[in-house]
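Chemist: need a 3D model of the sequence below.
(one chain, ligands or ions: 1)
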Amino acid sequence: MPGAISPTTFSRAQVAKNNTQDSLWCIIDHKVYDLTDFLDAHPGGNIVLQQLGGQDATTAFYNLHRHEVLQKYSGLCIGTIQDETPEVVDPQPGDLSAVPYAEPTWLSPQFSSPYYKPSHHQLRKALREFVDAELKPEAQQKEADGSYISQEMIDKMAANNILAMRLGPGKHLHGKTALGGAVKGEEFDYFHDLITCQELARVLSRGFQDGNMAGMSISLTAVRSWMKDTKLRDAVTEECLSGKKKMSLAITEAFAGSDVAGLRTTAEKTAEGTHYVINGTKKWITNGMFSDYFVVGCKTAKGFSVILVPRDDNVETKKIKTSYSTAAGTAFIQFDNVKVPINHLLGEEDKGFQVIMSNFNHERWAMTAAVIQWMRAVTEECLKWSNQRIVFGKPLSDQPVIRAKLARMIQHTEATQAWLESITHQLNTMTYQLQNKHLGGPIGLLKSFTTRCAHEVADDACNIFGGRGITQGGMGKVVEQFHRTYKFDAILGGTEEILSDLGVRLAIKQMPKARL
Ligand code: HEM
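Modeler: Here you go, the predicted structure:
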């Protein structure tokens, strides 16, 4: 190394001398990088690097790369510039972001919130460390290669009771503590639940997010609430929450989605009355590819019933490719004469509609929490990008049209989070019966409004990022993914149209004889 003052500090003049392909250095954020051996390996080619040899390449670098590129290639850094210190924030696992609006109000030090207690902060911190250090690297790998969550990761989540937290508050958490004592199961409330939904969504891998036991979180809840055989219920709960078995909710078919009356899968009782025999198909079943149990919506003698069906040789699952990763394990399923004992029925025969409806509130609320987290992450991406991207010699954020888009993104994110927290407070203070009575409408309206907001955020973000907003990988990777996948939240768990209509129909039902 020509001209090193000490092993780790150099003067700018010394860096300037290393400007040939035999010794090519550059400065990025006051740090010195030796790119000589990287010239041929650089994905952007050797020419661009040679053009900046010996110079300060900070602006050029952040115009084209995410900061994580520097974290990945930290081995190329040979020191810092004498008497200068790096300025760019170098996020570490578990860190809160200091970018305005990148965290909800309750996590911003200058604000307060009536909803959150110390145990909420503890859980948030522990979960974020787990997600950043453990879950996110696996999520990003699985999202890219389309394979399913590893048993090792499921075991880690089970050991920390994260699988149990996915079901929301309840007796299944009693006697357990989450993440090394961050919160006791008995104290776990809907704000802990909200934090769990939002922190887990921070893996920013939409297919994996659903592949991470989303099926169980919307089906085991029905088993817990409605299975009469309590011994079987508890045995199945234990298998799933320990991560040994996986479960999914199998309602939709190619023939019918929200229109439950149009379902064609049948469950016929055997002559002895001891079993149901199930025949039919299901489509778009999240986690279906790797599930051991299916909570299946079936036509029975006089109506619709919900039955827990264990996988056997007569259950066939085929992969469906959707616009997110096959890491979600989305399946087409055929049940061909599958025999199930009658104690696998959930609730009453022919009264399955009640079972399904009572399960929907938590599912829709949880989906809303996650998509708001995505909107927030995308807003943070746009704030950073428009600040670092230089166009016509100025940061992109100098353009009023870009600032107007940022304003809308912040407004959509903050407004929906505030409504979500208000509904979460209601969940916390109502019994399960009262939640079902009073919150179905508001949650339906919240979810459908939120996914309309997500549509606006995805659209604005994509335009801000330009070509990068439609490119997988690199600067716009989060925006591209959100733009490609936000529709999952607008469709799964009830479409925007159905949910908006539900909200208004329930409101009209409660109208007093009020007149203008
Ligand atoms: C420590 C120094 C650098 C490293 C480790 C590095 C690494 C990379 C990597 C991994 C990519 C692939 C895309 C991505 O992941 O974002 C890339 C792309 C690129 N790099 Fe670098 N790079 C460095 C410095 C530079 C500098 C100083 C320039 C000068 C302008 C440059 C220009 C480019 C270009 C033009 C691309 C293609 C961008 C695109 O497709 O949008 N790189 N670089």
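Chemist: quick one: buried residues of stretch 165-184?
Modeler: Neighbour counts over stretch 165-184 (16 or more other CB atoms under 10 Å) mark 165-169, 172-173, 176-179, 182-183 as buried. (C-beta placed from N, C-alpha, C; glycine too.)
Chemist: SS state for residue 323?
Modeler: Three-state call for residue 323 (DSSP: H, G, I helix; E, B strand; the rest coil): coil.
Chemist: relative to residue 271, how far out is it?
Modeler: Here the criterion is CB to CB, to the nearest Å. By it, residue 323 lies 46 Å from residue 271.
Chemist: what does residue 485 give?
Modeler: Counting by CB to CB - residue 485 and residue 271 are separated by 48 Å.
Chemist: now swap in residue 511 and tell me
Modeler: Residue 511 is 50 Å from residue 271, by CB to CB.
Chemist: ditto for residue 213
Modeler: With distances taken as CB to CB, residue 213 is found 38 Å from residue 271.
Chemist: more neighbours, these two?
Modeler: Neighbours were counted for residue 213 and for residue 271 using other CB atoms under 10 Å; residue 213 has more, 26 against 7.
Chemist: pull the number of nearby residues for residue 207.
Modeler: Neighbour tally, residue 207, other CB under 10 Å: 25.
Chemist: how distant is the host helix or strand of it from the center of its chain?
Modeler: Per DSSP states H and E, residue 207 falls inside helix 206-211. How far helix 206-211 lies from its chain's middle: 7 Å, per CA atoms, centre = their mean, to the nearest Å.
Chemist: list the buried residues in it.
Modeler: For helix 206-211, a neighbour-count test (16+ other CB under 10 Å) marks 206, 207, 208, 209, 210, 211 as buried.
Chemist: can I get those in JSON lines with distance to residue 159?
Modeler: Formatted as JSON lines, those follow (distance: CB to CB, whole Å):
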{"residue": "206", "distance to residue 159": "26"}
{"residue": "207", "distance to residue 159": "24"}
{"residue": "208", "distance to residue 159": "20"}
{"residue": "209", "distance to residue 159": "21"}
{"residue": "210", "distance to residue 159": "22"}
{"residue": "211", "distance to residue 159": "19"}
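Chemist: go back to these and keep what's next to the ligand.
Modeler: Among these, no residue lies close to the ligand (CB under 6 Å from any ligand atom).
Chemist: out of those, which is nearest to residue 142?
Modeler: residue 208 (4.9 Å; CB to CB).
Chemist: hmm, the closest one is touching residue 325, no?
Modeler: Yes: judged on CB atoms under 8 Å, residue 208 makes contact with residue 325 at a distance of 6.4 Å.
Chemist: what touches both of the two?
Modeler: Common neighbours of residue 208 and residue 325, counting by CB atoms under 8 Å, 6 or more residues apart in numbering, are 142, 143.
Chemist: quick revisit: among the buried residues of stretch 165-184, name the ones in helices.
Modeler: With helices taken from DSSP state H, the overlap with the buried residues of stretch 165-184 comprises residue 165.
Chemist: in stretch 154-162, what's buried?
Modeler: The neighbour-count check on stretch 154-162 (16+ other CB under 10 Å) flags 154, 156, 157, 158, 160, 161, 162 as buried.
Chemist: report the contact partners of the last one.
Modeler: Shown here is residue 162, whose contacts under the criterion CB under 8 Å, 6+ apart are 127, 130, 178, 179, 196, 200.
Chemist: element containing the first one, please.
Modeler: Translated: residue 127. helix 118-130.
Chemist: check the average confidence over that helix, would you?
Modeler: For helix 118-130, mean pLDDT is 96.
Chemist: again with stretch 431-448
Modeler: Here stretch 431-448 scores 94 as its mean pLDDT.
Chemist: and what of stretch 300-316?
Modeler: Stretch 300-316 comes out at a mean pLDDT of 97.
Chemist: tell me the pLDDT at residue 427?
Modeler: 97.
Chemist: wouldn't it be in contact with residue 194 here?
Modeler: No: counting by CB under 8 Å, residue 427 sits too far from residue 194 to count as a contact (9.1 Å).
Chemist: those two - which one has more neighbours?
Modeler: Taking neighbours as other CB under 10 Å, residue 427 and residue 194 compare with residue 194 leading, 30 against 22.
Chemist: hang on, that one in a helix?
Modeler: Yes: under three-state DSSP, residue 194 sits within a helix.
Chemist: pLDDT wise, what is it at?
Modeler: You'll see residue 194 listed with a pLDDT of 98.
Chemist: what's the answer for the one 10 residues further on, then?
Modeler: As summarised for this prediction, residue 204 has a pLDDT of 98.
Chemist: can you count the residues close to it?
Modeler: Residue 204 has 21 neighbours, counted by other CB under 10 Å.
Chemist: ok, now which ones touch it?
Modeler: Here residue 204 is in contact with 136, 139, 140, 374, 377, 478, 481 (CB under 8 Å, 6+ apart).
Chemist: identify the residue nearest residue 158 in space, chain neighbours excluded?
Modeler: Excluding its sequence neighbours, the residue lying closest to residue 158 (CB to CB, 6 or more residues apart in numbering) is residue 243, at 3.6 Å.
Chemist: can you count the residues close to the one you found?
Modeler: For residue 243, using other CB under 10 Å, the count is 21.
Chemist: contact partners for it?
Modeler: Counting by CB under 8 Å, 6+ apart, residue 243 touches 151, 154, 155, 157, 158, 163.
Chemist: residue 64 too?
Modeler: So, once contact is read as CB under 8 Å, 6+ apart, residue 64 ends up touching 44, 475.
Chemist: give me the domain ranges for the chain.
Modeler: Using automatic domain parsing, the domain ranges for the chain come out as 9-81, 107-212, 244-350, 358-509.
Chemist: out of those, which is closest to residue 94?
Modeler: domain 107-212 (3.8 Å).
Chemist: so what's the residue of the chain found nearest the ligand up against?
Modeler: Using CB to the nearest ligand atom, the closest approach of the chain to the ligand is made by residue 44 at 2.3 Å. Applying CB under 8 Å, 6+ apart, one finds that residue 44 lies in contact with residue 64.
Chemist: for residue 394, give the beta-bridge partners.
Modeler: Assessed by DSSP bridges, residue 394 has beta-bridge partners residue 391.
Chemist: about what we covered before: of the buried residues of stretch 154-162, which belong to helices?
Modeler: Judged by DSSP H, helices contain the following of the buried residues of stretch 154-162: 154, 156, 157, 158, 162.
Chemist: using TSV, lay out those together with pLDDT and distance to the ligand.
Modeler: Output for those, formatted as TSV (pLDDT from 0 to 100; distance: CB to the nearest ligand atom, whole Å):
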residue	pLDDT	distance to the ligand
154	98	30
156	97	28
157	97	29
158	97	34
162	96	30
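Chemist: give me the pLDDT for residue 92.
Modeler: Predicted confidence (pLDDT) for residue 92: 91.
Chemist: can we start the residue count at 48 from this point?
Modeler: Got it, first residue is 48 now, which makes that one residue 139.
Chemist: all helices of the stretch 448-563 of the chain, in order?
Modeler: In the stretch 448-563 of the chain, the helices defined using DSSP state H, counting those that start in this stretch lie at 479-485, 487-512, 524-532, 534-538, 543-556.
Chemist: pull the residues that contact the last one.
Modeler: Which is helix 543-556. Taking CB under 8 Å, 6+ apart as the rule, helix 543-556 contacts 305, 411, 487-489, 491-492, 494-496, 498-499, 537, 541.
Chemist: top of those residues by neighbour count?
Modeler: residue 494 leads those on contacts (other CB under 10 Å) with 33 neighbours.
Chemist: got TSV for the helices of the stretch 448-563 of the chain, with distance to residue 269 too?
Modeler: Shown next, in TSV, are the helices of the stretch 448-563 of the chain (distance: least, CB to CB, whole Å):
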stretch	distance to residue 269
helix 479-485	13
helix 487-512	16
helix 524-532	26
helix 534-538	20
helix 543-556	19
